[in-house]
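Q: My questions are about this predicted structure, shown below with the sequence.
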Amino acid sequence: MEQSIWQEIGQLYHFMASQLKKSLSLEIEKFNASQKKGFGFLF
């Protein structure tokens, strides 16, 4: 019984971690794109 609870918690944790990584990498891509645009205006 207790084993399955920990397995579900582990699966949920891995799911949340992968979602967080995806959203973080998207934010970084957006940031890099806006930085490049900003530098484009400067030169």
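A: Structure's in. What do you need?

Q: Model confidence for residue 5, exactly?
A: Per-residue pLDDT puts residue 5 at 94.

Q: Can you tell me how far it is from residue 30?
A: 38 Å (Cβ to Cβ, to the nearest Å). C-betas here are computed from N, CA, C, even on glycine.

Q: and the residue nearest to the spatial centre of the chain, how far is that from residue 10?
A: Centroid-nearest residue in the chain: residue 21, 2.4 Å away (criterion: Cα atoms, centre = their mean). From residue 21 over to residue 10 the distance is 17 Å, taken as Cβ to Cβ.

Q: swap in residue 25?
A: Distance of residue 25 to residue 10, given as Cβ to Cβ: 23 Å.

Q: Quick one: classify residue 15 as helix, strand or coil.
A: Secondary structure state of residue 15, per DSSP: H, G, I helix; E, B strand; the rest coil, is helix.

Q: so how far is residue 2 from it?
A: Using Cβ to Cβ, residue 15 is found at 21 Å from residue 2.

Q: Could you check which of those two is surrounded by more residues?
A: Comparing residue 15 with residue 2 by neighbour count (other Cβ atoms under 10 Å), the higher total belongs to residue 15, at 10 against 6.

Q: what about the more buried one, distance to residue 36?
A: For residue 15 relative to residue 36 (Cβ to Cβ), the value is 32 Å.

Q: ok, back up a step: contacting residues for the residue nearest to the centre of the chain?
A: By Cβ atoms under 8 Å, 6 or more residues apart in numbering, residue 21 lies in contact with nothing.

Q: Please tell me how far the helix or strand harbouring residue 35 is from the chain's geometric centre.
A: Taking DSSP states H and E as the criterion, residue 35 maps to helix 2-42. Its chain's average C-alpha position is 0 Å from that of helix 2-42, according to Cα atoms, centre = their mean, to the nearest Å.
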